[in-house]
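Novice: What follows is a predicted structure for the sequence shown.
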Amino acid sequence: MARLVRLDRTGHTELASWTAGDEASQREAMEAFRRELDEGMLASATLADGSAEVVRELPLDADLVVLRRPIAGG
Amino acid sequence: MEAVLAEAAAMPWRRRTSDRTLRKEGRIWTLWSVGIVVTFGVPAALLLWIEPLAFPVSAIFLGHGIAVLHLQARRGARGVKPVGEALGGPASRRAERTALGLLGDLLGHEPRTLLEDTGLALQRGRLGAWLVGQEGAILVRPGGRRVHCFCVRVGEANDLPAGDRVAHLLLALREDEEGFATVANRNFSGATSRLRRQLPARARPALARAGSIARGLVD
């Protein structure tokens, strides 16, 4: 099961989860994803090789998509 | 096309960090350190040569130069801020546990153990081996002899648990290593041994591990 997670004050919150064949859960996840991006969050999909990729559309084949806030020089 | 960190793309005026720019910055820091040694060391030696009885004044002068070098390295060491014990009430501690759980999932087995022991997250990269803390990162360059310390944090992080702050930086680093280094501000570059002395004892094994990985990255 793939998960859409937001890093926040609670540690993290799972906003949605979906499976390959379940269109309703995918649609719900895409809506949640879009909402968070509109709020200014950035999305990061973890790839199999351990790297991450910035995504602007929800990759339905990803196992984990993490929403994070922007970073800045300290 | 290579992914570009959104935060780096929003700063077109800043030259993108690369292996070449890091080498250049390293040379500038070395020149700066040599300048400090010369500025304080030569007058101290000259004074001693002219009047050996002025030894205490020479020593003070030389000590001042050494202190400046130590302060530079300390600034780099303090910027990274390893994850410590969670403070606050039960809700804060629960949030910290949750954040560290996800961070642990993002890391592999060895970096997860290193994080528990040292408070720093290890990440291998093309530019070297990285150690990520709450408000900064250390890059150990290939060869393991030079480090670059970066000051970088989550924009609005006041409410975030420490583990989440590290996760934010780790994800950004994984998305675009050079972009991450472009966004970050520099606060020290120099010999790994100089930084090691200024790091908290708990964090030193992380630097040693990153150093051994970086030594293996030499072509």
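Specialist: Happy to help now that I have it. In this text the structure is predicted, and so the values were computed from the model without any measurement. Numbers count the residues shown, from 1 in each chain, chains lettered A, B, ... in the order given.

Novice: remind me, longest strand of chain B?
Specialist: strand B:146-154 (DSSP state E).

Novice: Can you pull the residues of chain A lying near chain B?
Specialist: A:5, A:7-12, A:42, A:44, A:46, A:50-54, A:64, A:66, A:68-74 (Cβ under 8 Å from any Cβ of the partner chain). For every residue, glycine as well, the C-beta is placed using N, CA and C.

Novice: Partner strands of the longest strand of chain B, with direction?
Specialist: strand A:71-73 (antiparallel), strand B:136-140 (antiparallel), strand B:185-191 (antiparallel) (DSSP bridges).

Novice: ok now the shortest one, how far from the chain's centre?
Specialist: From the chain centre to the centre of strand A:71-73 is a distance of 20 Å (Cα atoms, centre = their mean, to the nearest Å).

Novice: and if you look at stretch B:187-203?
Specialist: On Cα atoms, centre = their mean, the centre of stretch B:187-203 falls 8 Å from the chain's centre.

Novice: tell me which residues in it are buried?
Specialist: B:Asn187, B:Phe188, B:Ser189, B:Gly190, B:Thr192, B:Arg194, B:Leu195, B:Arg196, B:Gln198, B:Leu199, B:Ala203 (16 or more other Cβ atoms under 10 Å in any protein chain shown).

Novice: about what we covered before: show me which residues of the helix or strand just after the longest strand of chain B are buried.
Specialist: Next helix or strand after strand B:146-154 toward the C-terminus (DSSP states H and E): helix B:162-175. Within helix B:162-175, the residues scored as buried using 16+ other Cβ under 10 Å are B:162-175.

Novice: How about the lowest-mean-pLDDT helix or strand in chain B and chain A, any contact?
Specialist: Lowest by mean pLDDT, DSSP states H and E among the helices and strands of chain B is helix B:90-106, with a mean of 90. Yes - using Cβ under 8 Å from any Cβ, we find that helix B:90-106 touches chain A at B:Arg94, B:Ala95, B:Glu96, B:Arg97, B:Thr98, B:Ala99, B:Leu100, B:Gly101, B:Leu102, B:Asp105, B:Leu106.
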